[in-house]
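# here is a sequence with its predicted model. Questions after.
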Amino acid sequence: MDKSTNQPYKILGDKLKSLRKNHHETIEEVSSAVEIDNQELIKIESGVTKPSEEILMYLINHFQLSDNEATTFWQLANYDNVSSNFFNKTIDENLMNNLILLMPLELRPLYSDHVEIILGDSGLVINFNQQINNQLIPITKVGMTLEQANILQKALENALLKIKYNSGPKKLSSPKK
């Protein structure tokens with residue numbers, strides 16, 4: 001049986017695997033970072049399947065590829081023709097809402113009223129949401145290693161303790177004469 005038939009995206013998969021290894025990352029770390037199953041990344045790296053346009057964009061961003069490198073990966077996945085090019089597609093309303101959330105126009109805090117934490121073997125992703133009309137709307141998501149999560153936990157505990165015990169200067173009563 002012809003091996004290229006079983007692995008139509010072998011070159012793309014090999015390049016992604018090489019990229020992952022050059023960054024000294026495990027399958028678990030990369031799959032967690034781009035929020036796919038470990039087995040899906042294994043299939044992509046083996047050339048059996050190609051990543052969706054969205055997953056390929058996540059991989060490109062995760063590895064911080066240059067425009068030229070990104071174009072090469074895009075072409076290897078056969079996303080280089082105009083009709084299927086992710087960059088040239090008409091942006092639907094749902095995608096536009098997500099893009100606005102990812103690219104805030106102002107540097108003001110975004111407030112959430114719901115938090116969801118997704119744990120992986122090597123890290124976690126925190127999804128911050130707002131509930132609007134009984135529907136959770138994503139505000140932002142932050143991924144981090146377990147080491148970073150421990151640092152965040154300590155920083156939050158310290159901030160909350162400062163608020164609780166240092167709510168303002170304590171005034172001593174005047175000495176009695």
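Cool, the structure landed.
# which stretches of this structure have low pLDDT?
1-5, 80-108, 167-177 (pLDDT under 70).
# can you list the domains in it?
3-87, 111-164 (automatic domain parsing).
# would you tell me which helix is longest in the chain?
The residue-count maximum for a helix in the chain (DSSP state H) belongs to helix 146-165.
# what about the strands in the chain?
114-119, 123-132, 135-145 (DSSP state E).
# got the ones you listed as a markdown table, with mean neighbour count and distance to Glu53 columns?
Just so you know, the C-beta spots here come from the backbone N, C-alpha and C atoms, and that holds for glycine as well. A markdown table is the format used below for the strands of the chain (neighbours: other Cβ atoms under 10 Å; distance: least, Cβ to Cβ, whole Å):
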| stretch | mean neighbour count | distance to Glu53 |
| --- | --- | --- |
| strand 114-119 | 12 | 22 |
| strand 123-132 | 15 | 21 |
| strand 135-145 | 14 | 19 |
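# now render these as JSON lines, adding distance to Lys21.
Listed next are those as JSON lines, based on distance: least, Cβ to Cβ, whole Å:
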{"stretch": "strand 114-119", "distance to Lys21": "25"}
{"stretch": "strand 123-132", "distance to Lys21": "19"}
{"stretch": "strand 135-145", "distance to Lys21": "18"}
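# picking that back up, list the buried ones in the longest helix of the chain?
Within helix 146-165, the residues that count as buried by 16 or more other Cβ atoms under 10 Å are Ala149.
# stretch 22-36 now?
In stretch 22-36, counting by 16+ other Cβ under 10 Å, buried: Glu25, Ile27, Glu29, Val30, Ser31, Ser32, Ala33, Val34, Ile36.
# how near is the fifth one to Glu147?
Separation of Ser31 from Glu147 (Cβ to Cβ, to the nearest Å): 19 Å.
# so what's Glu29 up against?
Ser122, Gly123 (Cβ atoms under 8 Å, 6 or more residues apart in numbering).
# kindly report the same for Leu152.
With contacts defined as Cβ under 8 Å, 6+ apart, Leu152 is in contact with Met144.
# measure Lys10 to Ser122 for me?
In terms of Cβ to Cβ, Lys10 sits 27 Å off from Ser122.
# likewise for Leu160?
27 Å.
# now Phe128
In this view, Phe128 and Ser122 are 21 Å apart by Cβ to Cβ.
# and the end-to-end length of stretch 113-129?
6 Å (Cα to Cα, to the nearest Å).
# list of residues touching it?
Contacts of stretch 113-129 (Cβ under 8 Å, 6+ apart): 26, 28-29, 31-33, 35, 110, 112, 130-131, 136-146, 148-149.
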